[in-house]
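Undergrad: dropping the sequence and predicted coords here.
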Amino acid sequence: MAPTEPFDAIVIGAGQAGVPLATDLAAAGRRTALVERGHVGGTCVNVGCSPTKTMVASARVAHLARRAADFGVRGGRVRVDQVKVRQRKRAIVESFRGGLEESLRAAPGLELVEGEARFTGPRTVEIRRPGGPVRTLSAGLVVINTGCRPARPDLPGLDSVAALDSTSVMELREVPRHLLVLGGGYIGLEFGQMFRRFGSRVTIVQRGSQLVPRVDPDVAEEIARILGEDGIEILLGTEAIGAARGPDGPVVRVRRGDRTRTLRGSHLLLAAGRVPNTDALDLPRAGVATDERGFVRVDDRLATSAPGAFAAGDVKGGPAFTHVSYDDYRVLRENLLRGGSATTRGRLVPWTVFTDPEIAHVGLSENEARAAGRDVRVAKLPMAEVARALETDETRGFLKALVEPGSGKILGFTAIGVGAGELLAAVEVAMLAGLPAERLREAIFVHPTMAEALNNLFAKLS
């Protein structure tokens with residue numbers, strides 16, 4: 001057997017927390033191994049944010065082209081070249097990934113190790129690569145950043161169906177005739193609307209009583225209304241109970257209450273959650289504890305149950321967003337390299353669903369505030385009352401804010417509208433600064449912009 005190779009730090013997974021942390025550790029003089037079994041960049045660069053938003057942009061162009069007449073512009077029949085859409089997506093991914101890999105290989109003190117890691121003991125990992133020698137690395141510091149992958153539901157008959165997930169659906173060469181989507185969360189909505197705009201018939205099956213379960217009912221209802229307006233069939237409170245391969249594509253049996261129905265599509269997309277990439281790590285050998293679903297347990301400083309071992313990003317559970325992974329990196333950088341005491345406790349976590357219009361949120365929802373017994377004032381403004389939205393004919397959605405009586409502190413904000421994620425950032429900055437709602441109500445914003453709507457929103461506090 002080859003001798004164990006000593007490092008100062010081992011980072012497993014080249015995702016959005018692992019890459020900058022490994023780079024910083026190496027720059028600080030610590031000999032660092034960054035282990036990656038696939039492509040550098042993690043989910044975001046390879047199969048998540050970058051490729052999906054590239055395709056969402058193509059879908060929006062198709063949508064606007066079909067709406068040209070609404071703006072007094074004459075256009076012809078819109079046709080989508082799915083191969084070209086895929087080619088554009090691949091080019092963006094390869095550009096991002098290539099630049100990242102080049103910078104990692106050039107970083108002094110950092111070795112990019114290709115292969116799959118498996119713990120053989122505390123802070124000791126074995127790296128296997130097909131066709132290559134087995135290496136064993138050890139270090140006083142180990143960081144797990146292995147992310148998640150699409151979940152495959154336990155659905156009778158599913159093994160007989162060529163089902164797609166959020167990765168494989170982006171590699172289609174043709175636009176599906178009828179896309180069946182199991183799951184009404186972020187992934188299901190983004191892909192459902194995208195392929196509807198590419199020309200597919202789309203049916204979304206959601207087991208829960210509303211889309212995007214974590215949002216307030218009025219938000220979920222508006223989302224459903226918008227998607228229904230786009231021609232998407234939405235089946236709420238409906239559970240998939242079986243699947244089979246039909247002569248023309250997948251067949252899915254669903255049940256709502258005591259009634260069953262058979263759905264026949266050309267393609268089936270599984271969009272019902274994600275599972276952590278921990279099954280191949282052999283974490284018990286490292287003394288690293290996981291929860292019942294396999295997510296790594298960490299404290300508010302991202303330390304695991306094993307001394308010298310930390311976890312960051314989606315693999316530890318919680319909100320699975322790239323910006324959360326990057327903030328995990330900041331916490332670890334502060335504590336491991338600067339002797340700080342940063343924690344994840346109480347951090348403000350914004351999120352955006354990149355449907356069109358976007359759905360964006362930060363802070364408390366009204367449901368959460370009421371459940372916690374918080375006294376709140378609610379402000380709500382339809383996008384149809386926003387000048388910029390009227391001028392651009394983008395009036396779907398609304399803005400909603402929660403404010404604490406007396407102090408005027410902004411507790412939460414939700415936006416459904418074009419550019420909602422960008423508008424969200426302005427309110428989030430105000431929340432971070434502790435500005436009362438009155439400051440935004442009286443602020444001078446450029447006219448006409450979407451941000452100007454904040455004046456009128458906070459004037460509607462009830």
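TA: Yep, that arrived.
Undergrad: what about the nearest residue to G231 once chain neighbours are set aside, which helix or strand?
TA: Once flanking residues are discounted, G231 sits nearest to R196: 6.0 Å by CB to CB, 6 or more residues apart in numbering. Yep, even glycine has a C-beta here, placed from its N, CA and C like the rest. Here R196 sits within helix 186-198, counting by DSSP states H and E.
Undergrad: I'd like the distance from that helix to the chain centre, please.
TA: Distance of helix 186-198 from the chain centroid (CA atoms, centre = their mean, to the nearest Å) equals 14 Å.
Undergrad: the residue nearest to A384 when sequence neighbours are not counted: what secondary structure?
TA: Nearest residue to A384 in three dimensions, chain neighbours excluded: T395, at 4.2 Å (CB to CB, 6+ apart). Secondary structure, DSSP: H, G, I helix; E, B strand; the rest coil: T395 is coil.
Undergrad: wait, T395 touches M383, no?
TA: Yes: judged on CB atoms under 8 Å, T395 makes contact with M383 at a distance of 5.0 Å.
Undergrad: identify the contacts common to these two.
TA: A389 (CB atoms under 8 Å, 6 or more residues apart in numbering).
Undergrad: quick check on the two: which one has the bigger neighbour count.
TA: M383 (23 against 17; other CB atoms under 10 Å).
Undergrad: quick check, pLDDT for that one.
TA: Model confidence at M383, expressed as pLDDT, equals 98.
Undergrad: the one 4 residues further on too?
TA: In the prediction, the pLDDT value recorded for A387 is 97.
Undergrad: and if you look at D291?
TA: 98.
Undergrad: residue contacts, it?
TA: Taking CB under 8 Å, 6+ apart, one finds 297, 317 in contact with D291.
Undergrad: can you rerun that using 6 Å?
TA: By CB atoms under 6 Å, 6 or more residues apart in numbering, the contact list for D291 reads R297.
Undergrad: gap between it and N145?
TA: In this view, D291 and N145 are 17 Å apart by CB to CB, to the nearest Å.
Undergrad: okay, now the residue nearest to G231: neighbour count?
TA: Neighbour number of R196 under other CB under 10 Å is 21.
Undergrad: my guess is it contacts I232, does it?
TA: Yes: at 5.3 Å, R196 counts as touching I232 under the criterion of CB atoms under 6 Å.
Undergrad: so what's in contact with the two at the same time?
TA: V202.
Undergrad: helices and strands around the longest strand seen in the chain, which ones?
TA: Longest strand in the chain, counting residues (DSSP state E): strand 135-144. In terms of contacts (3 or more CB pairs under 6 Å, 6 or more residues apart in numbering; DSSP states H and E), strand 135-144 is packed against strand 5-12, strand 124-128, strand 309-311.
Undergrad: then the first one to PDB, C-alphas only?
TA: Extracted as PDB, the C-alpha positions of strand 5-12 are listed here (Å, rounded to 0.1, in the frame of the first residue of the first chain):
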ATOM      1  CA  GLU A   5       0.300  11.600   2.400                       C
ATOM      2  CA  PRO A   6       0.200  14.400   5.000                       C
ATOM      3  CA  PHE A   7      -1.600  17.600   4.300                       C
ATOM      4  CA  ASP A   8      -2.600  20.500   6.500                       C
ATOM      5  CA  ALA A   9      -6.100  20.600   5.200                       C
ATOM      6  CA  ILE A  10      -8.400  18.400   3.000                       C
ATOM      7  CA  VAL A  11     -11.500  19.900   1.400                       C
ATOM      8  CA  ILE A  12     -13.900  17.300   0.000                       C
END
